[in-house]
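A.B. asks: What follows is a predicted protein model with its sequence.
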Amino acid sequence: MSDRKLGQTGRRIVILIACTLLLGCDKRGGKIAYDPKSFGPPAREDYGTPAYDIPLGPMDLLKISFFRVDDLTNEYQVGADGNVQLPLVGAVSVRDLRPEEFAKVLEARYAEKYLNRPDITVRLINSNRNNVTVEGGVYAAGVYPLPGQTTLLGAVALARGVNTNEGNAKRVVIFRKQQGKTVAAAFDLVAIRHGQMADPLVYPGDTVVVDSSKLRGIFRDLVSAVPLIAIFRTL
């Protein structure tokens, strides 16, 4: 089976878990607790680094700005080998470096021969390891890069918001990896908008599922293909 098919299968399994737990929930309700206090960020071992403190890596897109040197300021793509090809200095590795650390490396490289006391900033524009999946009753379900720290409302907005014809804003579930296990918590977007419930942060790797009348159709399609008991063992 190809990597693409495996990815699609994994994504469908997450949707199926959500469907199973959301069935029968026209508003609130269901088996997943609302806004549990124990539903914190992913553990260090789930990231390899604390949340939003992720080192640069292959295929990341960077904005590298050179103060008062507009000809060098540009967006640069990290190659599959972890190197960025830059004017004058050639290939520079980003591996295990955070943006501010990589900026210091570049300042040292350019100061050797080319620039006098260079002032360089590096900003991560997009990272393959910095995505959130938004599914269910939204207008544009898909996988989106997180633009820095993002709350649940912000994540749903990336998918163009809750579909008013199909989505249930009172029943939104975040699935997350914690210490190698998948955990879930439910949130009420209406209550969040009225300040009655905290708007939680979402993290890279999270899957956000908005309850939807159409989830039941997806559920029927997947039950015939995936053993139900196996799914619950992975949750």
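C.D. replies: The structure has been received and is ready for your questions. Numbers count the residues shown, from 1 in each chain.
A.B. asks: What residue spans form the domains of this protein?
C.D. replies: The chain breaks down into these structural domains: 3-48+129-234, 61-126 (assignment by automatic domain parsing).
A.B. asks: Could you tell me the least trusted of those?
C.D. replies: Of all the domains of the chain, the segment with the smallest mean pLDDT is domain 3-48+129-234, scoring a mean of 69.
A.B. asks: where along the chain do the helices fall?
C.D. replies: If you assign secondary structure with DSSP state H, the helices in the chain sit at 3-22, 44-47, 99-113, 152-158, 189-193, 215-223, 228-234.
A.B. asks: If we go by neighbour counts, what in the fifth one is buried?
C.D. replies: Read that as helix 189-193. Applying a neighbour-count criterion of 16 or more other CB atoms under 10 Å, one finds 189, 190, 191, 192 buried in helix 189-193. Bear in mind the C-beta positions are built from the backbone N, C-alpha and C, glycine included.
A.B. asks: will you turn the residues you listed into CSV that also has distance to residue 144?
C.D. replies: Shown next, in CSV, are these (distance: CB to CB, whole Å):
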residue, distance to residue 144
189, 17
190, 22
191, 24
192, 19
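A.B. asks: And the longest strand seen in the chain, what does it pack against?
C.D. replies: In the chain, taking DSSP state E as the definition, the longest strand is strand 167-178. Here strand 167-178 touches helix 3-22, helix 152-158, strand 181-187, helix 189-193, strand 207-212, going by 3 or more CB pairs under 8 Å, 6 or more residues apart in numbering; DSSP states H and E.
A.B. asks: same thing but 10 Å
C.D. replies: helix 3-22, helix 44-47, strand 131-136, helix 152-158, strand 181-187, helix 189-193, strand 201-202, strand 207-212 (3 or more CB pairs under 10 Å, 6 or more residues apart in numbering; DSSP states H and E).
A.B. asks: I'm done for today, thanks for sticking with me.
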